[in-house]
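> Fold the following for me, if possible:
(2 chains, ligands or ions: 2)
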Amino acid sequence: MITGSNLEKVLKSGIFACTGELGPPKSAEGHKVEHHAEMLRGYVDAYNLTDNQTAIVRTSSIACGALLVRMGLDPIIQITCRDRNRIAIQSDVLGAVALGIKNILCLQGDHAKFGNEPTAKNVNDIDSMQLIRMLKNMRDEQVFSGGEKLEAPINIFIGAVENPFADPFEYRAYRLAKKVEAGVDFIQTQAIFDMDRFERWMEKVRELGIHKKVPILAGVIPMKSLGAARYMKNNVSGLIVPDELIDRLKAAPDKKEEGIKICVEAIQHLKTVEGVAGVHVMAVAWEEIVPEIVTRAGLYPRPKF
Amino acid sequence: MIVGKRKPLPEIIKAVEPYEKVLVLGCGECVTVCMAGGDKEARETALALSLARKKAGKPAEIESHTVERQCEFEYLESARKKIEAVDVVVSLACGVGVQTMNMHYQDMLTLPGLNTTFMGLPVRQGVWMENCIGCGDCVLGETLGICPIARCSKSMLNGPCGGSQYGKCEISKDVDCGWHLIYERLAKFNRLDVLAAVRPPKDWSTSHSGGPRKMVREDVTL
Ligand code: SF4
Ligand code: SF4
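Numbers count the residues shown, from 1 in each chain, chains lettered A, B, ... in the order given. Ligands and ions are numbered 1, 2, ... in the order given. Coordinates of the predicted model:
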C-alpha cells in the first residue's frame, strides 16, 4: 500500500472500482459540495474534485477535498498545470497531504480561453507528464522539483488521465505508457461514448501490457438530455459523441431514462473489457442520478474496508 | 521576422490629440515586409490622422518619414531634423524600435502606433504565423524543427494533450496542434522513439521569466 486510501484499497483488492465526480461551486458554499458528496456516499469508492474545470473559477479542489476528508470520504484532488507554477503546485500538494488528502490526479487543464477568465495568463510552467514525475519524486525520493529535500516524507496515490479520443490515435496508448513511466499509480480516462474506438485503444494498451502495470478506470458521463448530448458533441474539446447515440436519444420518448440506460449499458460492457479496472462516473450537475446508475449497473454495494 | 499590426486609427488619434506637430515614423525592416509599419503605411497613417484632425476642427501638421531600421541608434540619426521639428513621434516600428527612439531622443516622446504581435513568418500572402517566443534554450533539434513552446498553446514538452483532435489544437479549428505536427515529423524521420522519454521541466530562467535579458559578448565589444 502507498497511502492506503479507500481507492487504493479497492483497486488493490481487484474489485471493479467505481469513482464519482463533484464540481465545486462558484461560491464559497462548502455545504453544496458536502450535499453532493452525501448523495454519492456509499455508491462510489472515491470522489474526484475538479480543479477549476474548463477554466471556470470555482472553490479550490483542495479546499473541497478537505471538506470531504472531514466527512470521512476519500477525495481525489485534481491538479492542472494551467494556473500554477511548480512552486505553487508543490506547495499545494504539501497542503493537500497535510489536510489528509491521499489521492491526487494530474491533468494539463483546458486552455483559459474556454472559461470565465479568458484574458488570464496560462501558466503551464510544467506539463502534466512532468507533474506526475514531480509528485513521484516528492514521494519516492523526498525531493522537490528544484532538487532540495523535503523535510519529511509524504504519501500520495498518483493518478492521471488519458484521452483515447484525442489524436494522433496511434500515439494515445504509448502516451499512457509514458505516464506510467513518469510514475502514475492509476488512470482515469476521458468519457467514453465511442465504444469501438475505446476498445481499439484498449487492444493497444493490452498489447503494451500497460493494464498490468496500472489500474485503468474508464470514464462515463450520463447524458441528461438531447441538448446536453449535442453540447458535448460540438463544444467539449477532446470528446467523441457518435451520431448513433444522438439519434437513439432523439428517438427515445423519455430522454433521461434513455440517458441512464445508455450509461448503464456502457458500464456493463466496460466490466467485460479486459484491462478495465473500474469506472469513473462523471455526473456533474446530475449528481443525484449516480446511485441509480451504480445500482442498475450492478456495482452496488461498494466494498467496505 | 517581427510581425506587427498597426494600432486602430481611433487609438492613434486619441494618443496624439494634445499635439500640433506629429511625425509618423515607419521602419524599413520587418514591419515593412509584413505591411504594417513601412513607408506606405506611415504615409497612409499620416494622411488619415491629418484628415481626422481637420474633420475635428483641430488641424495639425502631420508628417511621415521612414528610417531604414528603427532598432539601432545609428539609423535614427538620419531623421534627426524631422524628429526635432515635431511635438511627438508616432512610431510604426515594433516595440524595440519605439524604445530605441525613446532612448536615443530622450527629450522627444515617441508613442507606439503599432502592436508588436509575434516572431513568425508569412506562410502565404496575408497570413502570418507565430514560430518562436525566444525562450533562450532552443529545442528545435529534438522536435525536428517544430517549436513546442511557441506552437503548442500550452507550451508542453510532452505533448500532445488530450485536446488535440483531427490535427487541430483545442483552442481553435484554425490553429494546428503543434504536437500533432511534431508527431508527424518524427514519424517521417523514423524518430518516434524521441517521444518515449519523459522530458524534464523546462528551465524558464533563460526566457523572459528570468527577468529582462541582456547579452554581453566580450569578443565583439569595443
Ligand atoms: S524552442 Fe525556444 S528558441 Fe527554439 S523556436 Fe521555440 S521558443 Fe524559439
Ligand atoms: S491541442 Fe496540441 S497545440 Fe493545443 S495545447 Fe494540446 S498539444 Fe498543445
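
> near ligand 1, which residues of chain B?
B:Cys132, B:Ile133, B:Gly134, B:Cys135, B:Cys138, B:Val139, B:Leu140, B:Cys147, B:Ile149, B:Ala150 (C-beta under 6 Å from any ligand atom). The C-beta positions use only the backbone N, C-alpha and C, and glycine is treated the same way.

> My reading is that A:His265 lies in a strand. Confirm?
His isn't right for residue A:265; it's Glu. No: counting by DSSP: H, G, I helix; E, B strand; the rest coil, A:Glu265 falls outside a strand, being helix.

> Number of residues surrounding it?
A:Glu265 is flanked by 13 other residues according to other C-beta atoms under 10 Å in any protein chain shown.

> Please report the distance of it from B:Tyr75.
72 Å (C-beta to C-beta, to the nearest Å).

> And the one helix or strand A:Ile262 maps to, what does it pack against?
For A:Ile262, the host element (DSSP states H and E) is helix A:255-272. Applying 3 or more C-beta pairs under 8 Å, 6 or more residues apart in numbering or on different chains; DSSP states H and E, we find helix A:255-272 packed against strand A:216-220, helix A:226-235, helix A:243-251, strand A:276-281, helix A:290-296.

> just so I know, which of these lies nearest B:Arg217?
helix A:226-235 (51.5 Å; C-beta to C-beta).

> now whichever residue of the stretch 1-150 of chain A sits closest to ligand 2, nearest residue through space, not along the chain?
Closest residue of the stretch 1-150 of chain A to ligand 2, C-beta to the nearest ligand atom: A:His111 (6.5 Å). Nearest residue to A:His111 in three dimensions, chain neighbours excluded: B:Ile171, at 5.0 Å (C-beta to C-beta, 6 or more residues apart in numbering or on different chains).

> pretty sure that neighbour is touching A:Pro118, no?
No: contact criterion C-beta atoms under 8 Å: B:Ile171 and A:Pro118 do not qualify, at 10.5 Å.

> neighbour count winner among the two?
The residue with more neighbours, out of B:Ile171 and A:Pro118, is B:Ile171; 18 against 10, by other C-beta under 10 Å.

> check contacts around the more buried one.
A:His111, A:Lys113, B:Ser153, B:Gly163 (C-beta atoms under 8 Å, 6 or more residues apart in numbering or on different chains).

> which one of these is nearest ligand 1?
Of the contacts of B:Ile171, the one sitting nearest to ligand 1 (C-beta to the nearest ligand atom) turns out to be B:Ser153, at 13.6 Å.

> Could you tell me the model confidence score at the closest one?
B:Ser153 carries a pLDDT score of 98 in this model.

> ditto for B:Thr221
So B:Thr221 comes in at 89 (pLDDT).

> what's the burial count for it?
Count around B:Thr221 with other C-beta under 10 Å applied: 6.

> which residues in the chain form helices?
Went with chain A since none was named. Secondary structure of chain A by DSSP state H: the helices cover A:6-13, A:30-40, A:61-70, A:86-98, A:128-136, A:169-182, A:195-207, A:210-213, A:226-235, A:243-251, A:255-272, A:290-296.

> actually it's chain B I care about, not the one you picked
B:9-15, B:30-33, B:39-55, B:73-76, B:80-84, B:95-104, B:148-151, B:178-188.

> Good, we can wrap up now.
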